[in-house]
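**Q** Next come a sequence and a model predicted from it.
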Amino acid sequence: MSIWTRMYRWLDLRMDISGVWRATFLHPVPIDVNWWYVLGSATLTAFIVQVVTGVALAFAYVPSTEHAYSSLDFITRQAFLGSVVRGLHFWGATAMVVLILAHMGRVFLFGSFKFPREVSWLTGSLLLLLVLAMAFTGQLLRWDQDSFWGIVVLAEQFGKTPIIGGVLAQLTIAGQQVGGATLTRFFATHVFLIPAGIFLLIGVHLYLVVHRGISDPPQPDSVVVPNVELERYERVLATRGVPFFPDVAWRDFAASAALVLAVLLLSVAVGPPAMRTEANPTIVNTNPRPDWYFLSYFALLSLIPPEVENWVILGVPIAIGVFLFAVPLVANRGQRHWSKRPWAVAAVGVGLLAGAVLTVAGDRAPWAPNIDAVQHGALPPSVTAGLDTQQSAGATLFVRRGCWACHTVQGTGGLAGPDLTFVGDRLTSDQLTTRVLNGGRNMPAFASTLTPREVDELVAFLRTLKTKR
Amino acid sequence: MNSSRRQFLTWLSVGLTGLITAAIGVPILGYLLGPLLRPVENEWRVAGKVADWRLGDTKLVKIENPASLPWAGTTAESAAWVRRTGDASFLTFSVHCTHLGCPVNWLDDAQLFLCPCHGGAYYQDGTVAAGPPPRPLFNLPWRINGENIELRTIVLPTENEPQ
């Protein structure tokens, strides 16, 4: 017997390694478990990547408002492989959010959350919440302008909660102004508090996976009847159960390896998000945007009517929370196969579509004025060519007076208002004058800003914007 | 061991666990709630010289925050918009859009404040011109002290009117 075998025997007698191995890695699972089942383990792998790269980043990151940005700049530009490690953390976060949502979608559509796996779904829902909290707090630690104004917006939103709003906002920013105490609070939350919760919940989640087993892929006639479900699952394992490792687990290892390689590739090829302007409450010339995870929510806040906004800010998260927690309690029995659950398919479809549409809208942000254009831009020559003196003066006013911040001309300018490329075809001089002076549904009135002569110049210019000139 | 003794020892253990939790938890919770117990005293800050504004000028000023921590860095200061409307009269605005708090920009030629986040727009007097803001820009208390204009700091969330 070799020394290694003897050492193993010695440890096994005391630690029962083989027993633990049998109970976890060798626990029987249905043989027809397929590629759809790798999403959960891939999410776990992404989390491990986040822990390892996060700890590495903490070796150099300084969680102080004075130095956070410059220490991140050091990590990104100077530290050996620092850019790659930051990239891994960023793309790992992206992967984790995508994978946990995909895993959840799979579990939902396969009806795997039904008896006896309701608690797996509930712990998973809490994990989703914590992962999104990680995504948000992580973005804040960059301590650039997006972070700073993101915190301000968060505090303002909490401030809208009835009665306790002020207290909630103060606790969020650790005081009454975003300052030195704010960043350390988010840092401790991001690196200690939330990860501790995630570790705990993953422990429970995995315990349940091993203890209650992996659900067999549903057939069109699969029906969960709680009284007999445990017996039925026993029979499935007795007739077509195989050890999890390696019969089924190889797919998990393959998917995780592909995931890690993809994250590494993106970290090297694309890298972490570029360093933008350092957080600064006195620089108002900025264009704050959340990371992609929250672009949909950002868009939602802009597209809903202002009157219902407070209800949406509070109501949407509550509605999603209630839905996630009610699902396994209300629908824990009955049909499992997606073909027999049209409402479940519709819910996933609508959710995906709404998320995608809102994310694209948040990225384009057509409601936001193009401030940069009116401050630094110039109309394309094709617009200004051949104008007489009055029209040319009007073109200058169109830019300087801010019209161009919201209106598009030949694909340039802002997207908030109507496209004016051919406005000369649609409106007469009188109509244009009225509109400029009085404003419109969502347009400022310019009567007090423009002199009568300037109005004439502006209208003369707008009249040149026609299909045929 | 008889069962009533067992029951007593069970509850004793549960009680002691509660005691341990409270002994550590109460101070930690108090520590984390600390920010609520340190209300910031708003203070008067010099925003600039009155003579630096011509009639109708709107300028961004920086004011030092009250009770900043030594490591606050760039967050030791806040900004505000100050517009001169008369010999000794000014309009002062928080930079925070009343919609969700993003910073509004002043476009001098357009005579408008524009918010980059969701497209809120305000006229020169702070009233809403367009977009989702529910109310005019917040005003800051101001006073003229000698040759200076001074502003009183305000705190987040801006729903709370300055004291």
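**A** Looks like it came in fine. Because the structure is predicted, anything quoted here is derived from the model rather than measured.
**Q** Might one say that residue B:78 is in contact with residue A:282?
**A** Yes. Between residue B:78 and residue A:282 there is a contact under CB atoms under 8 Å: 6.8 Å. Every C-beta, even on glycine, is put in place using the N, C-alpha and C of the backbone.
**Q** who has more neighbours, those two?
**A** More crowded of residue B:78 and residue A:282, by other CB atoms under 10 Å in any protein chain shown: residue B:78, with 27 against 17.
**Q** Can you verify that one is assigned to a helix?
**A** No. Under DSSP: H, G, I helix; E, B strand; the rest coil, residue B:78 sits outside any helix and is assigned strand.
**Q** Setting aside sequence neighbours, what's the nearest residue to it?
**A** Nearest residue to residue B:78, sequence neighbours excluded (CB to CB, 6 or more residues apart in numbering or on different chains): residue A:281, at 5.1 Å.
**Q** Could you chop chain B up by domain?
**A** Listed domain ranges for chain B are B:3-37, B:44-152 (source: automatic domain parsing).
**Q** quick one: secondary structure of residue B:85?
**A** strand.
**Q** With residue B:100 instead?
**A** Residue B:100 ends up coil, using three-state DSSP.
**Q** Tally up the residues packed near it, please.
**A** There are 26 residues near residue B:100, going by other CB under 10 Å.
**Q** I'd like the distance between it and residue A:148.
**A** The gap separating residue B:100 from residue A:148 is 14 Å, by CB to CB, to the nearest Å.
**Q** Verify the stated contact: residue A:295 with residue A:356.
**A** No. In this structure, residue A:295 is not within contact of residue A:356 by CB under 8 Å, at 10.6 Å.
**Q** of those two, who's got more company?
**A** Using other CB under 10 Å, the more surrounded residue of residue A:295 and residue A:356 is residue A:295, with 20 against 11.
**Q** Can you tell me the element that one falls in?
**A** Taking DSSP states H and E as the criterion, the element that holds residue A:295 is helix A:295-303.
**Q** Quick one: list the elements packing against that helix.
**A** For helix A:295-303, the packing partners by 3 or more CB pairs under 8 Å, 6 or more residues apart in numbering or on different chains; DSSP states H and E come out as helix A:309-330, helix A:342-364.
**Q** Among the domains of chain B, show me which one is buried the most.
**A** Highest mean neighbour count among those (mean count of other CB atoms under 10 Å in any protein chain shown): domain B:44-152, with a mean of 19.
**Q** related to what we said a few turns ago, dump the helices and strands packed on helix A:295-303 into TSV; add distance to chain B and mean pLDDT as well.
**A** Listed next are those as TSV, based on distance: least, CB to the nearest CB, whole Å; pLDDT from 0 to 100:
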stretch	distance to chain B	mean pLDDT
helix A:309-330	7	90
helix A:342-364	11	95
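**Q** Okay, strands next: where are they in chain B?
**A** Secondary structure of chain B (DSSP state E): strands located at B:44-49, B:58-64, B:77-86, B:89-94, B:105-107, B:112-114, B:121-123, B:128-130, B:142-145, B:148-152.
**Q** between the second one and strand B:148-152, how many degrees?
**A** The directions of strand B:58-64 and strand B:148-152 differ by 70 degrees, with axes from the mean of the first three to the mean of the last three CA atoms, to 10 degrees as the criterion.
**Q** In chain B, which helix is the longest?
**A** Looking only at chain B and at elements set by DSSP state H, the helix with the highest residue count is helix B:3-32.
**Q** again with chain A
**A** Longest helix in chain A, counting residues (DSSP H): helix A:82-109.
**Q** Output the contacting helices and strands for that one.
**A** helix A:39-58, helix A:68-77, helix A:118-140, helix A:249-269, helix A:342-364.
**Q** Let me see the mean pLDDT of stretch A:381-399.
**A** Taken as a whole, stretch A:381-399 has an average pLDDT of 93.
**Q** ok, now stretch A:459-469?
**A** 90.
**Q** where does the spatially most central residue of chain A sit relative to residue A:128, distance-wise?
**A** Geometric centre of chain A, nearest residue: residue A:293, 1.0 Å, by CA atoms, centre = their mean. From residue A:293 across to residue A:128, the span is 12 Å (CB to CB).
**Q** just the CA coordinates of stretch A:425-443, formatted as PDB?
**A** Written as PDB, here are the backbone C-alpha positions of stretch A:425-443 (Å, rounded to 0.1, in the frame of the first residue of the first chain):
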ATOM      1  CA  ASP A 425     -43.000  70.300 -45.500                       C
ATOM      2  CA  ARG A 426     -45.400  69.900 -42.500                       C
ATOM      3  CA  LEU A 427     -45.700  73.300 -40.900                       C
ATOM      4  CA  THR A 428     -46.200  76.900 -42.200                       C
ATOM      5  CA  SER A 429     -44.300  79.900 -40.900                       C
ATOM      6  CA  ASP A 430     -47.200  80.800 -38.600                       C
ATOM      7  CA  GLN A 431     -47.600  77.300 -37.200                       C
ATOM      8  CA  LEU A 432     -43.800  77.200 -36.600                       C
ATOM      9  CA  THR A 433     -43.900  80.600 -34.900                       C
ATOM     10  CA  THR A 434     -46.700  79.600 -32.600                       C
ATOM     11  CA  ARG A 435     -45.000  76.400 -31.700                       C
ATOM     12  CA  VAL A 436     -41.600  78.100 -30.900                       C
ATOM     13  CA  LEU A 437     -43.200  80.800 -28.800                       C
ATOM     14  CA  ASN A 438     -45.700  78.700 -26.800                       C
ATOM     15  CA  GLY A 439     -43.900  75.400 -26.600                       C
ATOM     16  CA  GLY A 440     -45.800  72.100 -26.700                       C
ATOM     17  CA  ARG A 441     -46.900  69.200 -24.700                       C
ATOM     18  CA  ASN A 442     -43.300  68.400 -23.700                       C
ATOM     19  CA  MET A 443     -41.400  71.400 -25.100                       C
END
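**Q** Go through it and flag the buried ones.
**A** By neighbour count, with 16 or more other CB atoms under 10 Å in any protein chain shown as the criterion, the buried positions of stretch A:425-443 are A:427, A:432, A:433, A:435, A:436, A:439, A:443.
**Q** Nearest to chain B among these?
**A** residue A:443 (5.8 Å; CB to the nearest CB).
**Q** Pop out the phi and psi values for that closest one.
**A** phi -130, psi 130 (degrees, to the nearest 10).
**Q** So it sits against residue A:407, correct?
**A** No. Here residue A:443 does not reach residue A:407: they are 9.1 Å apart, not a contact under CB under 8 Å.
**Q** shared neighbours of these two, which are they?
**A** Here residue A:443 and residue A:407 have residue A:417 as joint contacts, going by CB atoms under 8 Å, 6 or more residues apart in numbering or on different chains.
**Q** Check the buried residues of stretch A:425-443 one by one and keep those near chain B.
**A** Subset of the buried residues of stretch A:425-443 in contact with chain B: A:439, A:443, counting by CB under 8 Å from any CB of the partner chain.
**Q** how about TSV for the buried residues of stretch A:425-443, with secondary structure, distance to residue A:401 and pLDDT added?
**A** Below are those laid out as TSV (DSSP: H, G, I helix; E, B strand; the rest coil; distance: CB to CB, whole Å; pLDDT from 0 to 100):
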residue	secondary structure	distance to residue A:401	pLDDT
A:427	coil	18	94
A:432	helix	14	95
A:433	helix	14	95
A:435	helix	14	94
A:436	helix	9	94
A:439	coil	13	90
A:443	strand	12	93
